[in-house]
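**Q** mind looking at a prediction? Sequence and model below.
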2 protein chains.
Amino acid sequence: MQLLVIYDVENDRTRVKVSEALKDYGLSRIQYSAFQGNLSPNRMQELYYRLKTTLGVEVGNIQMFPICDKDAKQIKEIENVSCG
Amino acid sequence: MQLLVIYDVENDRTRVKVSEALKDYGLSRIQYSAFQGNLSPNRMQELYYRLKTTLGVEVGNIQMFPICDKDAKQIKEIENVSCG
């Protein structure tokens, strides 16, 4: 199943650790504070506890959105990349 | 149906316009660059074109994730708010 994780984390070091945890679970960065990828339900549960531990008591908000195949087909993207 | 919209927009003025467009369509801010809310398929389509026009040629990435009821029930959130 697809999973989208988005996060707002105040502390720079903690924010980097969150992104490293997401990479460890095979998710890819799609925006500055957003990662997406395929994960089994067990791995999602594991990741949830890893992120909870990683955030610890730091100020922040992390949200995990499972995305079923039907919803995944309806994702819309608008993008302009810089020419530089 | 629920909709999640996340965005990375370089230009400050354009970023504010994107957030205003999302508020106009009744979505609520859940993170710095993430809004969520209930929208009909038609309104989602309208919002897509509004966001496309709003971003124009500015550098940025906007993604719209429809969220079915089943997925909505499995959303997980980890949050620590500042005590200040």
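**A** On my side now, so go ahead.
**Q** B:Gln36 versus the spatially closest residue to A:Pro41 that is not a sequence neighbour, what's the distance?
**A** In space, A:Pro41 comes closest to A:Met1 once its chain neighbours are excluded; the distance is 6.9 Å by CB to CB, 6 or more residues apart in numbering or on different chains. (Glycine included, C-beta is placed from N, CA and C.) From A:Met1 over to B:Gln36 the distance is 19 Å, taken as CB to CB, to the nearest Å.
**Q** ok, now A:Cys68?
**A** When A:Cys68 is compared with B:Gln36 (using CB to CB), they lie 17 Å apart.
**Q** neighbour count: the two, which is higher?
**A** B:Gln36 (22 against 14; other CB atoms under 10 Å in any protein chain shown).
**Q** who does the lengthiest helix in chain A touch, helix- and strand-wise?
**A** The longest helix of chain A (DSSP state H) is helix A:41-55. With contacts defined as 3 or more CB pairs under 8 Å, 6 or more residues apart in numbering or on different chains; DSSP states H and E, helix A:41-55 has these neighbours: strand A:2-9, helix A:12-24, strand A:60-67, strand B:76-80.
**Q** outside of it itself, list whatever touches it.
**A** A:1, A:3, A:5, A:9, A:14, A:17-18, A:21-22, A:24-25, A:39, A:62, A:64, A:66, B:76, B:78, B:80 (CB atoms under 8 Å, 6 or more residues apart in numbering or on different chains).
**Q** out of these, which are buried?
**A** A:3, A:5, A:9, A:14, A:17-18, A:21-22, A:25, A:39, A:62, A:64, A:66, B:76, B:78, B:80 (16 or more other CB atoms under 10 Å in any protein chain shown).
**Q** report the buried residues of stretch A:11-20.
**A** A:Thr14, A:Arg15, A:Lys17, A:Val18, A:Ser19.
**Q** and the two most separated of those residues?
**A** Based on CB to CB, the longest span within the buried residues of stretch A:11-20 runs between A:Thr14 and A:Ser19 and measures 10.0 Å.
**Q** tell me what A:Phe35 is bridged to.
**A** On the basis of DSSP bridges, A:Phe35 is bridged to A:Val5, A:Arg29.
**Q** any idea how far it lies from A:Ser19?
**A** 7 Å.
**Q** which residues do the two both contact?
**A** A:Arg29.
**Q** below-threshold pLDDT in chain A: ranges please.
**A** A:84 (pLDDT under 70).
**Q** chain B contacts on chain A?
**A** A:4, A:6-8, A:10, A:30-34, A:48, A:51-52, A:55-68, A:70-71, A:74-82 (CB under 8 Å from any CB of the partner chain).
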